[in-house]
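S.K.: structure, please.
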Amino acid sequence: MISSLIGAFLFAAIPLFAVTYLLIGWAIKSGKIGDFQDRKGFEAAVKTMREERKKQKKDKSAKATLKNENLFTRKWFDFGGGFYGLMALITYAYIEIIEVFQFIGKLMDLSIAKILSNLGFDILVAFIINSIMNLVNAFIWFIYWKNEFDLNHIWIWIIMAYLGYLAGAKMARDKPEHYQTVMTKVDEVKSRTRDTFNPPT
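M.R.: Below is the predicted model:
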């Protein structure tokens, strides 16, 4: 039990806190989400934002505004929004990233001739089936994570993840200046990275 609590805090609560903090911080800063005072208020604000987005998707003249949405936010709502949707999105992203690295590893073990010989209709069908299975696993994330890491006391992990989610939202709401500081640092890192790979000529 103690080991599950520690593991859930480190690998569920903290990651969900960070992701939610950045996500809700962006939503507040961009005016996508209204003010909230407590957990119920936060859930109501997320629900309102989700409903507003649905209206925009139906209105052709408002669809252009959706293009300016943060990619992560857009995918979050595609998975339903809220805590469940965020967990589904994180699960889906995790599966996809792992599979990309596995795919690259397999390619490195194959010759060009073998790669070309494997291209065809079969690989397309396999890709489509795999994509569907990844979506299914994302929506049943509570089962996926339990099986992926053979977790004991899965309810502890879910509770810790949810607490991290609520804490991240509260921090984003109470400390908007911290979010701006984080984003400024991120922009600085991006700028330095661009300068490194694209030096002035």
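
S.K.: next structured bit after the helix-or-strand element of the chain with minimal mean pLDDT?
M.R.: None of the helices or strands of the chain scores lower by mean pLDDT, DSSP states H and E than helix 112-118, at a mean of 58. Using DSSP states H and E, the helix or strand that follows helix 112-118 in sequence is helix 121-139.

S.K.: only the buried residues of that next one, if you could.
M.R.: For helix 121-139, burial by neighbour count (16 or more other C-beta atoms under 10 Å) applies to 134, 137-139. Quick note: C-beta positions are derived from backbone N, CA and C, even for glycine.

S.K.: contacts for the next helix or strand after that helix next, please.
M.R.: Next in sequence after helix 121-139, counting helices and strands by DSSP H and E, comes helix 141-149. For helix 141-149, the external contacting residues (C-beta atoms under 8 Å, 6 or more residues apart in numbering) are 87-88, 90-91, 95, 137-138, 151, 154, 157-158.

S.K.: need those residues in TSV with pLDDT, secondary structure and distance to Gly31, can you?
M.R.: What follows is the contacts of helix 141-149, written out as TSV (pLDDT from 0 to 100; DSSP: H, G, I helix; E, B strand; the rest coil; distance: C-beta to C-beta, whole Å):
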residue	pLDDT	secondary structure	distance to Gly31
Met87	94	helix	25
Ala88	94	helix	25
Ile90	93	helix	25
Thr91	93	helix	29
Ile95	92	helix	32
Asn137	92	helix	34
Ala138	92	helix	28
Leu151	83	coil	38
Ile154	90	helix	37
Trp157	93	helix	34
Ile158	94	helix	31
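
S.K.: closest to Arg194 out of those?
M.R.: Each of these was checked against Arg194 using C-beta to C-beta; the closest is Ile90, at 27.3 Å.

S.K.: skipping adjacent residues, who's closest to the closest one in space?
M.R.: Nearest-residue entry for Ile90: Val19, 6.6 Å, with adjacent residues in sequence omitted and distances by C-beta to C-beta, 6 or more residues apart in numbering.

S.K.: quick one, phi/psi of Asp38?
M.R.: In this entry, Asp38 is assigned phi and psi values of phi -140, psi -170 (degrees, to the nearest 10).

S.K.: and the helix or strand where Ala18 lies, what does it pack against?
M.R.: Ala18 is part of helix 14-29 when elements are defined by DSSP H and E. With contacts defined as 3 or more C-beta pairs under 8 Å, 6 or more residues apart in numbering; DSSP states H and E, the packing partners of helix 14-29 are helix 71-78, helix 82-108, helix 154-174, helix 176-197.

S.K.: so where's the protein shaky on pLDDT?
M.R.: 60-69, 107, 109-123, 195, 197-201 (pLDDT under 70).

S.K.: that older thread, give the contact list for the residue nearest to Ile90.
M.R.: Under the criterion of C-beta under 8 Å, 6+ apart, the neighbours of Val19 are 86, 90, 168.

S.K.: and it, how far is that from His153?
M.R.: Using C-beta to C-beta, to the nearest Å, Val19 is found at 22 Å from His153.
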